[in-house]
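**Q** kindly generate the corresponding structure for this input.
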Amino acid sequence: MGAVIDSIHRDQVGQHVLFELWRARARRGESPLEDAGLSVYSQSDEDGILLAIFSAIGFTDRRLVDLGCGTPLGSNTANLLCNWGFTGLLADGDEASTKESQRFYQSSRDTCLYPPVVKKAWITRESVNGLIGDAGINGDIDLLSIDLDGIDWWIWDAIEVIRARVLVVEVQDIWGPEESVTVPYRSDFVRADGYNYCGASLAAWVKLGRRKGYRLVAGSRYGQNAFFVQNGLADSALPEVEPASCLTHPKSVDSQRTRLPLVRDRQWERV
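**A** Numbering: from 1, shown residues only. Down below sits the predicted model:
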């Protein structure tokens, strides 16, 4: 047990060292995102990208909302909750996932004294603001994560009760960087054809972000997640990037070539 605790401690120390190095870069007006990716809980390099973004803009109340939270392993928010003092609301439509998350955060030494709220909920445009507000969260928060494998774009479009400084969303990379499309809105939407018929393209997210006052600053290694920051926060250190720069990995390129033909003729909505 002592070795495990020591390992966790070293990891926390290492993250803080990296955070300070990235913050020094940002203070010089340099991007802290270069080679910033690392994974503690996240699927690939999302944990490091989020830390690098916050090194440039700082933390405020360390509250977050994670819609489609899944389980801690593979989560965009578990590292912030366990190692950086965040709290907030986690919601998912899958009962097994929410129970696993509840057990994890209630038993983890880093969150057990004040675990995040974890709710099983089917998230729709009509319910999302009430879901967040009922958890006691409103106004400005630090982070919003959306990963529903479905009507994700429509959910961010509908959210009014909070305004996050940072947003991370799942991207449907099969459409590449140019096409601005999403699945049509249906409150009972369920993904189909694996993970091919669901979600929204990166260009669609960029358009919605600009309308809401956000800019695209990074993509995850494999192109499945995109990161947005409120305009006016560390603009020089975190400049806007082109969607094409976020979809260059061979995995993403292969997805555009092999997966898109499987669902191109399904119903998609241009936005």
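
**Q** spell out the residue ranges of the strands in the chain.
**A** With DSSP state E, the ranges of strands along the chain come out as 63-67, 87-92, 117-120, 139-146, 162-170, 181-182, 214-219, 225-230, 269-270.

**Q** without its sequence neighbours, what residue ends up closest to residue 256?
**A** Sequence neighbours aside, residue 176 is the residue nearest to residue 256 in space, at 4.9 Å (criterion: CB to CB, 6 or more residues apart in numbering). Any C-beta I mention is one placed from the backbone N, CA and C, and that applies to glycine too.

**Q** correct me, but that neighbour touches residue 248?
**A** No. Using CB atoms under 8 Å, residue 176 is not in contact with residue 248, being 10.7 Å away.

**Q** which one's more surrounded, these two?
**A** Between residue 176 and residue 248, residue 176 has the larger neighbour count (other CB atoms under 10 Å), namely 19 against 13.

**Q** now the strands of the chain as JSON lines including distance to residue 35, mean neighbour count and mean pLDDT?
**A** Below are the strands of the chain laid out as JSON lines (distance: least, CB to CB, whole Å; neighbours: other CB atoms under 10 Å; pLDDT from 0 to 100):
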{"stretch": "strand 63-67", "distance to residue 35": "25", "mean neighbour count": "25", "mean pLDDT": "98"}
{"stretch": "strand 87-92", "distance to residue 35": "29", "mean neighbour count": "24", "mean pLDDT": "98"}
{"stretch": "strand 117-120", "distance to residue 35": "33", "mean neighbour count": "18", "mean pLDDT": "98"}
{"stretch": "strand 139-146", "distance to residue 35": "22", "mean neighbour count": "20", "mean pLDDT": "98"}
{"stretch": "strand 162-170", "distance to residue 35": "19", "mean neighbour count": "23", "mean pLDDT": "98"}
{"stretch": "strand 181-182", "distance to residue 35": "32", "mean neighbour count": "21", "mean pLDDT": "98"}
{"stretch": "strand 214-219", "distance to residue 35": "12", "mean neighbour count": "24", "mean pLDDT": "98"}
{"stretch": "strand 225-230", "distance to residue 35": "15", "mean neighbour count": "24", "mean pLDDT": "98"}
{"stretch": "strand 269-270", "distance to residue 35": "36", "mean neighbour count": "12", "mean pLDDT": "98"}
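
**Q** pipe those strands into JSON lines and attach distance to residue 36 per row.
**A** JSON lines is the format used below for these (distance: least, CB to CB, whole Å):
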{"stretch": "strand 63-67", "distance to residue 36": "19"}
{"stretch": "strand 87-92", "distance to residue 36": "23"}
{"stretch": "strand 117-120", "distance to residue 36": "28"}
{"stretch": "strand 139-146", "distance to residue 36": "16"}
{"stretch": "strand 162-170", "distance to residue 36": "14"}
{"stretch": "strand 181-182", "distance to residue 36": "28"}
{"stretch": "strand 214-219", "distance to residue 36": "8"}
{"stretch": "strand 225-230", "distance to residue 36": "11"}
{"stretch": "strand 269-270", "distance to residue 36": "33"}
